[in-house]
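A.B. asks: Coordinates for the following, if possible.
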Amino acid sequence: MNSPLRNFKAEFYKALSHPARIKILELLRSGELSVSELQEQIGIEPSSVSQSLSVLRHKKIVDFHKVGTTAYYFVSDPTVFELLDAARRIFNNQLEETRSTLELIAREEAGNDKP
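C.D. replies: Sure thing, here's the model as predicted:
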């Protein structure tokens, strides 16, 4: 059952499985940012931002370079944005299905309310 590829995928998806990490990647879509810039935009503790960046760095999803004492983070492989976009499309499709089902239920209930 275990294969190196499946294990890699599972660990990769685990790295993406926290809302703060997704937010970091969304922010980095527009370019590199420092830890303090990320912290300011996300609104969580600096230690949480650093921990999230550490997880993403460990999986080579983000990397950084230093300018003086400031580390600037960026996405290592922009293909990760295609994955995030695909996840958003899947989410939107599921929402659309739910919305359609709720509309159908509402129409049926409205029809049942009539004498």
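
A.B. asks: Let me see the contact set for the closest residue to residue 60 other than its chain neighbours.
C.D. replies: In space, and not counting its chain neighbours, residue 60 is closest to residue 76: 5.5 Å by Cβ to Cβ, 6 or more residues apart in numbering. C-beta: built from backbone N, CA, C; applies to glycine. Residues in contact with residue 76 (Cβ atoms under 8 Å, 6 or more residues apart in numbering) are 60, 61, 62, 63.

A.B. asks: Throw these into TSV and include distance to residue 88, thanks.
C.D. replies: Output for the contacts of residue 76, formatted as TSV (distance: Cβ to Cβ, whole Å):
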residue	distance to residue 88
60	23
61	17
62	19
63	24
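
A.B. asks: Of these, which is the most crowded?
C.D. replies: The most crowded member of the contacts of residue 76, judged by other Cβ atoms under 10 Å, is residue 62 (24 neighbours).

A.B. asks: mean confidence score for the helix or strand where residue 37 lies?
C.D. replies: For residue 37, the host element (DSSP states H and E) is helix 35-42. Here helix 35-42 scores 94 as its mean pLDDT.

A.B. asks: if we look at that helix, which residues are touching it?
C.D. replies: Helix 35-42 is contacted from outside by 20, 23-24, 27, 33, 45-46, 49-50, 53, 70-71, 73, using Cβ under 8 Å, 6+ apart.

A.B. asks: out of those, which are buried?
C.D. replies: 20, 23, 24, 27, 33, 49, 53, 71, 73 (16 or more other Cβ atoms under 10 Å).
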